[in-house]
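[1] Turn this into a model:
(chains A and B)
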Protein chains: 2
Amino acid sequence: MLTLYGDLDSGNVYKVRLLLAQLGIRYRRVDTTQNRGEPGSAAFRKINPIGKIPTLVFDDGRVLSESGAILFYFAAGTPFLPADRWDQANVLRWMFFEQYSHEPYIAVNRHWLLHLPEAERAGLAGRIADNYARGEQALAVMAQHLAGNDWLAAGRYTIADIALYAYTHTAAEGGFDLRRHAAIGAWLARVRAQPSHIPQMRQEEGVPVVQWPG
Amino acid sequence: MLTLYGDLDSGNVYKVRLLLAQLGIRYRRVDTTQNRGEPGSAAFRKINPIGKIPTLVFDDGRVLSESGAILFYFAAGTPFLPADRWDQANVLRWMFFEQYSHEPYIAVNRHWLLHLPEAERAGLAGRIADNYARGEQALAVMAQHLAGNDWLAAGRYTIADIALYAYTHTAAEGGFDLRRHAAIGAWLARVRAQPSHIPQMRQEEGVPVVQWPG
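    Residues are numbered from 1 along each chain as shown, chains lettered A, B, ... in the order given. You can find the predicted model right below:
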């Protein structure tokens, strides 16, 4: 059975869980968490040298990583990734935007606020403030687009929405106030209303879970 | 005519220039540089709210940004992006890896070492050291893969190689010693030997260039 390495806390893993749930694809999950340093371990790097979650292993032993690449692979040929080349480029545009201009600020501040001891966090005050400013800029770009569009790309719910939803819907945990961006709140509600939507922090039924190393 | 906003110094812009050159696609370039803060200006954000280069504007007014999305758009249907779904996912895997685990360390250290006054750089010593460690890890992942493969994905020269070449071939300017990774040096030479390769820092002939705002 398809095996997903990753934990509930990771938004990047959640993207994959959400798409697999909405496509009805069965898999097992090996609970592997950054909070215990597991993805960076030598044992994990034998599976994926990049040392990051999510990592997906297929029945035939093939390995795929990078949430964006995994989303693309499973969405290809489904309504979650329209076939038109311009639409696909725009879906990818938002997915690259997320990994480069959104996640490094919004997800990182969430991680630091949720998981770092206060003393350690104090030493990062400058970087947290810088991340806040850059994260707010990313949210403003999303809000501007969503003020005139129901979805991020291709005029429909796609993996671009899944990719951006993951760390946007928990942005408040990183100190971001989404009430400043009404269009984002309305879009989050539209995403949540999609068929077979699953929440991030509760493991949905039917997915066998074992602890790392599995 | 297709208009590319960006400068010679940006590796992300170079990726697009390199692919367009190899595809023989004509365009003009509006020299727009981060070093003068132009992409973040209000005037530029009217073209692309994300405020980053490269930004591409088509004859009909459509706008595309994010180097990875631009590469995908132009490579689709050409040998630079094989049509197979698994191959495409692996091409994208390396492109997401580049934007998330390579560029933020290797390109940022290059930018700081090339362009920041020494006094300002001294205040960033901790981050430069951290970037160095993470950038070295990214290079090690590439080297491990390239020790057994001529190309990053799909068994051939693709936009994954273009995407990784851009900031890898100038990594020494960011303080990275590529002599530690022989497989990377050999791969850089293979990329340079591809037909219609262009160097980064010299504008190739035949591309009209005007200064921002164009």
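[2] Where do the helices of chain A begin and end?
    Ranges of helices in chain A, per DSSP state H, are A:11-23, A:42-47, A:67-75, A:85-97, A:103-115, A:118-122, A:125-146, A:159-168, A:182-192.
[3] could those helices go into CSV alongside mean neighbour count, distance to residue A:53 and mean pLDDT?
    Just so you know, the C-beta spots here come from the backbone N, C-alpha and C atoms, and that holds for glycine as well. Supplementary listing: the helices of chain A in CSV, determined by neighbours: other Cβ atoms under 10 Å in any protein chain shown; distance: least, Cβ to Cβ, whole Å; pLDDT from 0 to 100:
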stretch, mean neighbour count, distance to residue A:53, mean pLDDT
helix A:11-23, 23, 6, 98
helix A:42-47, 13, 9, 97
helix A:67-75, 25, 9, 98
helix A:85-97, 23, 17, 98
helix A:103-115, 20, 13, 96
helix A:118-122, 9, 22, 92
helix A:125-146, 17, 21, 97
helix A:159-168, 27, 13, 98
helix A:182-192, 16, 22, 98
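[4] pretty sure residue A:150 contacts residue A:187?
    Yes: with contacts defined as Cβ atoms under 8 Å, residue A:150 counts as touching residue A:187 at a distance of 7.4 Å.
[5] Could you see whether chain B lies near stretch A:130-145?
    Yes: with Cβ under 8 Å from any Cβ of the partner chain as the threshold, stretch A:130-145 lies in contact with chain B, specifically through A:137, A:141, A:144-145.
[6] tell me which parts of chain A are close to chain B?
    Proximity of chain A to chain B is confined to A:49-52, A:62, A:64-70, A:72-73, A:76-77, A:85-86, A:88-90, A:92-93, A:95-97, A:99-101, A:103-104, A:137, A:141, A:144-145 under the rule Cβ under 8 Å from any Cβ.
[7] looking at it, residue A:51 is touching residue A:44, isn't it?
    Yes: counting by Cβ under 8 Å, residue A:44 is a contact partner of residue A:51 at 6.1 Å.
[8] can I see the domain layout of chain A?
    Domain assignment of chain A by automatic domain parsing yields the ranges A:3-79+A:200-211, A:85-192.
[9] Relative to residue B:39, which of those domains is closest?
    Ranking the domains of chain A by distance to residue B:39, with Cβ to Cβ as the measure, places domain A:85-192 first at 12.0 Å.
[10] What is the nearest of the residues of stretch A:130-145 next to chain B to residue B:111?
    Among the residues of stretch A:130-145 next to chain B, residue A:137 lies closest to residue B:111 (Cβ to Cβ), at 18.5 Å.
[11] Report the contact partners of the closest one.
    Residue A:137 is in contact with A:101, B:51, counting by Cβ atoms under 8 Å, 6 or more residues apart in numbering or on different chains.
[12] and what of residue A:54?
    Residue A:54 makes contacts with A:4-6, A:10, A:12-13, A:15-16, A:65, A:67, A:70, as judged by Cβ under 8 Å, 6+ apart.
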